[in-house]
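Q: Would you be able to build a 3D model of this:
(2 chains)
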Amino acid sequence: AQTVTQSQPEMSVQEAETVTLSCTYDTSESDYYLFWYKQPPSRQMILVIRQEAYKQQNATENRFSVNFQKAAKSFSLKISDSQLGDAAMYFCAYRSRNMDSNYQLIWGAGTKLIIKP
Amino acid sequence: GAGVSQSPSNKVTEKGKDVELRCDPISGHTALYWYRQSLGQGLEFLIYFQGNSAPDKSGLPSDRFSAERTGGSVSTLTIQRTQQEDSAVYLCASSLSMGRAETQYFGPGTRLLVL
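A: This is a model prediction of the structure:
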């Protein structure tokens, strides 16, 4: 079974600086999707970025980018120029692309990101 | 357009009582998911609906939990004879289809506290 691990329960960063959130996963599959979701205090989970495992290129969305290391099964999220509005819980999630496999999202336990003004 | 909405936002109940949680997905979304989020934990899948297909109930923790989706739209999650361990945030999500690349859009959740 697949698992997702986020080893940092909490991270803090100074406003305008860069922070990296770690995520590792375990799978025997070769084709899958990886996601980072953000959950602000409003509780509404919002998709930040998605990576397709068959793509070599790291996904980027404005100030958010990932470092996808397939062999190491690592999927870290880098937030550049941190803003106060980035403060939230960040969850890493895995989903198999194999139509014969479980389609559910497998979630990490989350990392709380604190932005210091 | 309107996002996923859930009601109530918060619910406090006494142990042993039944509760109903409601989810209104985004119009036109055929897939609907229920998750449970306990304090300090990631999301735990509960149940999944796709169109008119039979739901996947494999994540429901006990037979006290049930859910239905009427007319392919609104869904209700029912917890019977609530226990203190049922206290959690219950999140609903919908997606346009069951495609694995599809983005799931989440509601704000219902925070349930069982006294």
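
Q: rest of the way, CA atoms for contacts and neighbours
A: Will do.

Q: So which residue is smack in the middle of the chain?
A: The chain I'm using is chain A. Closest to where the C-alpha atoms of chain A average out (C-alpha atoms, centre = their mean) is A:W36, at 3.2 Å.

Q: Switch to chain B, please.
A: With distances taken as C-alpha atoms, centre = their mean, B:W34 lies nearest the centre of chain B, 3.1 Å away.

Q: Confirm that residue sits in a strand?
A: Yes. Counting by DSSP: H, G, I helix; E, B strand; the rest coil, B:W34 is found in a strand.

Q: residue contacts, the closest residue in space to it that isn't next to it in sequence?
A: The shortest distance from B:W34 to any non-neighbouring residue, by C-alpha to C-alpha, 6 or more residues apart in numbering or on different chains, is to B:C92 (4.6 Å). By C-alpha atoms under 8 Å, 6 or more residues apart in numbering or on different chains, the contact set of B:C92 is B:4, B:6, B:23, B:32-35, B:106-107, B:109.

Q: surely A:K38 meets A:G85?
A: No. Counting by C-alpha atoms under 8 Å, A:K38 does not reach A:G85; the two are 10.9 Å apart.

Q: Compare these two (neighbour count), which wins?
A: Shown here are A:K38 and A:G85; by other C-alpha atoms under 10 Å in any protein chain shown, A:K38 has more neighbours (23 against 10).

Q: For beta bridges, what are the partners of the residue nearest to the centre of chain B?
A: Taking DSSP bridges as the rule, B:W34 bridges to B:I47, B:C92.

Q: Strands of chain B, start to end?
A: Using DSSP state E, the strands of chain B run over B:5-7, B:10-13, B:19-24, B:31-37, B:43-50, B:65-69, B:75-79, B:88-95, B:105-106, B:110-114.

Q: How much space separates the residue nearest to B:W34 from B:Q83?
A: Separation of B:C92 from B:Q83 (C-alpha to C-alpha, to the nearest Å): 21 Å.

Q: ok, now B:V4?
A: According to C-alpha to C-alpha, B:V4 stands 27 Å off from B:Q83.

Q: And the pLDDT for B:S9?
A: We have a pLDDT of 96 for B:S9.

Q: Check B:P108 too.
A: On the pLDDT scale, B:P108 gets 93.

Q: so how many other residues sit close to it?
A: When neighbours are counted by other C-alpha under 10 Å, B:P108 registers 24.

Q: how about the nearest residue to it, chain neighbours excluded?
A: Leaving aside its chain neighbours, B:P108 sits nearest to A:Q44 (4.3 Å; criterion: C-alpha to C-alpha, 6+ apart).

Q: swap in B:L91?
A: Closest to B:L91 by C-alpha to C-alpha, 6+ apart is B:G109, at 4.3 Å.

Q: wait, doesn't that neighbour sit right on B:Q6?
A: Yes. Between B:G109 and B:Q6 there is a contact under C-alpha under 8 Å: 6.0 Å.

Q: which one of those two has more residues nearby?
A: When neighbours are counted by other C-alpha under 10 Å, B:G109 and B:Q6 differ, and B:G109 comes out ahead with 30 against 24.

Q: Who are the contact partners of the more buried one?
A: The neighbours of B:G109, taking C-alpha under 8 Å, 6+ apart as the test, are A:43-44, B:6-7, B:9, B:89-92.

Q: circling back to that earlier point, distance of the residue nearest to the centre of chain B relative to chain A?
A: B:W34 sits 11 Å away from chain A, going by C-alpha to the nearest C-alpha, to the nearest Å.
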